[in-house]
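Asks: have a look; sequence and predicted model below, questions after that.
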Amino acid sequence: MPSVRCESAVVQPDDGTPTVRLERWVGPWAQDDPNAAFKAEVAEYTLLDPLETLRGLADFTGVPEGALARYVLAKWACAGNEALLEIGPGMIERLWQIVVAAEADGGDPARLEAYHALRGMLSWLRSGSADAE
């Protein structure tokens, strides 16, 4: 599949503080795209307005919206790298529940679906690794 060139949504003003344009995205992607599950989730979540929540939290805490947005992005983005160091009990449980559900069903289609779900999650976890291809 050819690579898609995306217009950057990040602007670096003279003061050095990056500015990110929040944009909606609904695809497209190929049916056999190994990142299809992630892309579908991105498409779903980009329909929401995260600033609504950030405004409420900013009003409640007194922390500026931009600082909260940076916090949320940094915390989420770093979670993958932290998981490489110590996957943690929450992620282990999420991965394990996929296996449990497939084994409870017992059929090959459920096992194949579990494989694809696990592969997608592990692919995301590996994306921060120097060994990821």
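Replies: Nice, thanks for sending it over. Predicted, not measured: the structure shown is a model, and the values here were computed from it.
Asks: neighbours around Tyr45, how many?
Replies: Using other Cβ atoms under 10 Å, Tyr45 has 11 other residues around it. C-beta here means a position set from N, CA and C on the backbone, and glycine is covered the same way.
Asks: begin at 106, not 1, for the rest of this chat.
Replies: Got it, the first residue is 106 from now on, which makes the last one we talked about Tyr150.
Asks: what's the separation between it and Ala219?
Replies: Going from Tyr150 to Ala219 by Cβ to Cβ, to the nearest Å gives 23 Å.
Asks: before we move on, what about Gly132?
Replies: For Gly132, the distance to Ala219 equals 25 Å [Cβ to Cβ].
Asks: neighbour count: those two, which is higher?
Replies: Between Gly132 and Ala219, Ala219 has the larger neighbour count (other Cβ under 10 Å), namely 19 against 11.
Asks: in what helix or strand does that one lie?
Replies: According to DSSP states H and E, Ala219 maps onto helix 213-231.
Asks: which neighbouring elements make contact with that helix?
Replies: Identification of packing neighbours for helix 213-231 by 3 or more Cβ pairs under 8 Å, 6 or more residues apart in numbering; DSSP states H and E yields helix 141-150, helix 170-190, helix 193-210.
Asks: now do the shortest one and helix 213-231, the angle between them.
Replies: For helix 141-150 against helix 213-231, the angle by axes from the mean of the first three to the mean of the last three Cα atoms, to 10 degrees is 70 degrees.
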